[in-house]
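Visitor: Here's my sequence, what's the structure:
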Amino acid sequence: MFTRHDWEGSPLCDQAHGPRYIARSTLIRKVLGDAKHYSALDIGCGSGNITRHVADFAERVHAIDVSPKAIEVAQANLAGSPNITFEALDVFGSGDAERQSLFGQYDLVVLSEVLEHLDEDQQALDTISRLIKPGGHLLLTVPADPRQWSVEDELAGHKRRYTRPELIAKLNQAGFKVERLVNWGFPFTRGLLALERRMMGSRHSEGVSGSPLRLLLRPASLLFRVNGMLEPVLSFLNAGIGFVVLASRKPTALDPVPR
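Guide: From the prediction side, this is the model:
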């Protein structure tokens with residue numbers, strides 16, 4: 001089980017058993033399974049929940065987070081994964097020289113539940129584009145549908161939720177071609193989330209670990225995993241709670257000429 005931790009914005013240990021995490025990670029694994037990547041960068045790795053999955057599909061993974069405490073916890077959680085390296089680094093706020101050393105180094109960049117926290121999301125996508133090798137990929141997950149904005153978004157430090165057209169436009173502007181975009185979480189996960197919010201009431205700020213549903217999370221994990229495979233079928237309805245996107249980086253005039 002993943003270790004409990006308390007840095008701002010981070011999930012508690014029950015997250016790994018919750019419906020949202022399991023549904024999202026099931027879809028992430030399905031998307032990652034389409035290709036084998038040599039080098040991957042996981043930006044905002046937190047406790048390493050998603051990093052663990054990325055490591056199954058990449059020969060080497062560089063996991064970074066702005067929080068040194070997050071890196072400490074991720075290292076402890078993933079100590080048995082020799083293909084992962086860890087570093088406390090703010091790739092969006094670091095100096096040009098430090099950032100440039102990472103340009104063009106990765107076949108895959110993973111940005112899971114991070115973009116919605118950033119003030120300048122378009123600038124962040126531009127930076128990510130420069131980190132990826134020509135023809136490489138970005139795996140992005142973000143919350144969907146501004147109409148679903150709730151106190152939970154405010155407590156989590158979210159700046160926005162995304163619509164499908166907005167997300168595609170921002171990725172195109174940053175030089176990406178969207179290969180796959182899945183709206184996930186409807187109807188089962190969205191319904192569970194609404195029920196959880198209602199039951200938690202004023203205790204909402206406690207997160208999943210404070211929910212009356214928490215005792216059901218682990219026994220129901222298999223159901224959540226099956227649900228994670230079924231819900232993407234309804235992606236066209238755009239009624240889910242999040243997006244999982246796989247986008248390829250378009251070649252630019254600044255790329256080295258292949259020999």
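Visitor: Going by C-alpha atoms from here, please, whenever you check contacts or count neighbours.
Guide: Will do.
Visitor: contacting residues for residue 239?
Guide: If a contact means C-alpha atoms under 8 Å, 6 or more residues apart in numbering, then residue 239 has 145, 183-187 as its contacts.
Visitor: Make CSV from those residues and add pLDDT and distance to residue 245 to it.
Guide: CSV is the format used below for the contacts of residue 239 (pLDDT from 0 to 100; distance: C-alpha to C-alpha, whole Å):
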residue, pLDDT, distance to residue 245
145, 95, 15
183, 95, 9
184, 92, 11
185, 88, 14
186, 86, 17
187, 83, 19
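Visitor: Pull out the buried members of those residues.
Guide: A residue is treated as buried here by neighbour count (16 or more other C-alpha atoms under 10 Å); on that basis the buried members of these are 145, 183-186.
Visitor: wait, which of these is closest to residue 255?
Guide: Nearest to residue 255 out of these is residue 183 (C-alpha to C-alpha; 32.2 Å).
Visitor: Doesn't that closest one lie inside a strand?
Guide: Yes - counting by DSSP: H, G, I helix; E, B strand; the rest coil, residue 183 is found in a strand.
Visitor: Test my guess that it contacts residue 238.
Guide: Yes - contact status for residue 183 versus residue 238: in contact at 5.8 Å, counting by C-alpha atoms under 8 Å.
Visitor: Just the closest of the buried ones among the contacts of residue 239 to residue 232, please.
Guide: Among those, residue 184 lies closest to residue 232 (C-alpha to C-alpha), at 5.2 Å.
Visitor: ok, the closest one - contacts?
Guide: Applying C-alpha under 8 Å, 6+ apart to residue 184 gives the contacts 24, 228, 231-232, 234-235, 239-244.
Visitor: thinking again about what came up before, output the contacts of residue 239 as JSON lines; include the columns distance to residue 195.
Guide: Formatted as JSON lines, those follow (distance: C-alpha to C-alpha, whole Å):
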{"residue": "145", "distance to residue 195": "18"}
{"residue": "183", "distance to residue 195": "20"}
{"residue": "184", "distance to residue 195": "18"}
{"residue": "185", "distance to residue 195": "14"}
{"residue": "186", "distance to residue 195": "14"}
{"residue": "187", "distance to residue 195": "12"}
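Visitor: thinking again about what came up before, so which of the contacts of residue 184 sits lowest on pLDDT?
Guide: In terms of pLDDT, residue 228 ranks lowest among the contacts of residue 184, with 66.
Visitor: What segments of this protein are strands?
Guide: Under the criterion DSSP state E, strands of the chain are mapped to 37-43, 58-65, 84-88, 106-112, 132-143, 176-184, 242-249.
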